[in-house]
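Student: just a sequence and a predicted model for now, questions to come.
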Amino acid sequence: MTGLYRLVAWLSPNFPIGAFSYSHGIEAAAESGAVHDRASLEAWVRAIVADGSGRIDADILCNAYRAAAAGNDIALIDANRHGGAFRATAELALESAQQGEAFLVAYRAAWCDAAKKPSSHERALGAAAHIVCHSAAFGAVAAGAGIALEDALVGYLQAFATNLIAAGLRLGLVG
């Protein structure tokens, strides 16, 4: 139950990573008329999750999870770097990096004992240049917490999609 509790907390809209402030361009899509109702919002979210940033995040999360579970710091650093490099725009790279940093700060504050040495995956992420990709950080921490990869991945993508739908709601596209 501890792993489930952590997973639910990390994916809550109240976990302080600032996800609510990112919408992957829905404002521009709404302004252009490409997203204007429920059906177009659903199609847009589906495309982002399946073929856009969500797909990239899924791959990076899995790679980081597997690297952390195996104690392979080099592979974890590579997953993190790919998470920054595979973004289509500088804005998306910045979003991932800002959320990743915020995620690690909140995670460390809530779950790391200051007297305890950081785990190898935490050290590896800390050494991974200046970019900390959110999905890489999430995957590594989930592995360290003993959360099943499938659970972490489904939860992450559900929270990602929910955040996009919430952006559509704030714009008055649905609801």
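Tutor: That came through, no problem.
Student: number of residues surrounding residue 158?
Tutor: 12 (other C-beta atoms under 10 Å). Heads up, the C-betas are built off the backbone N, CA and C, glycines and all.
Student: cool, residue 96 as well?
Tutor: For residue 96, the neighbour count with other C-beta under 10 Å is 27.
Student: kindly report the same for residue 139.
Tutor: The number of residues packed near residue 139 is 34, by other C-beta under 10 Å.
Student: CA atoms of stretch 149-156 as PDB?
Tutor: The C-alpha trace of stretch 149-156 is given here as PDB (Å, rounded to 0.1, in the frame of the first residue of the first chain):
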ATOM      1  CA  LEU A 149       6.400  -0.200 -14.000                       C
ATOM      2  CA  GLU A 150       2.900  -0.800 -15.500                       C
ATOM      3  CA  ASP A 151       1.300   1.000 -12.600                       C
ATOM      4  CA  ALA A 152       3.700   3.900 -12.800                       C
ATOM      5  CA  LEU A 153       3.200   4.200 -16.600                       C
ATOM      6  CA  VAL A 154      -0.600   4.000 -16.600                       C
ATOM      7  CA  GLY A 155      -0.800   6.500 -13.700                       C
ATOM      8  CA  TYR A 156       1.600   8.900 -15.300                       C
END
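Student: in it, what counts as buried?
Tutor: 152-153, 155-156 (16 or more other C-beta atoms under 10 Å).
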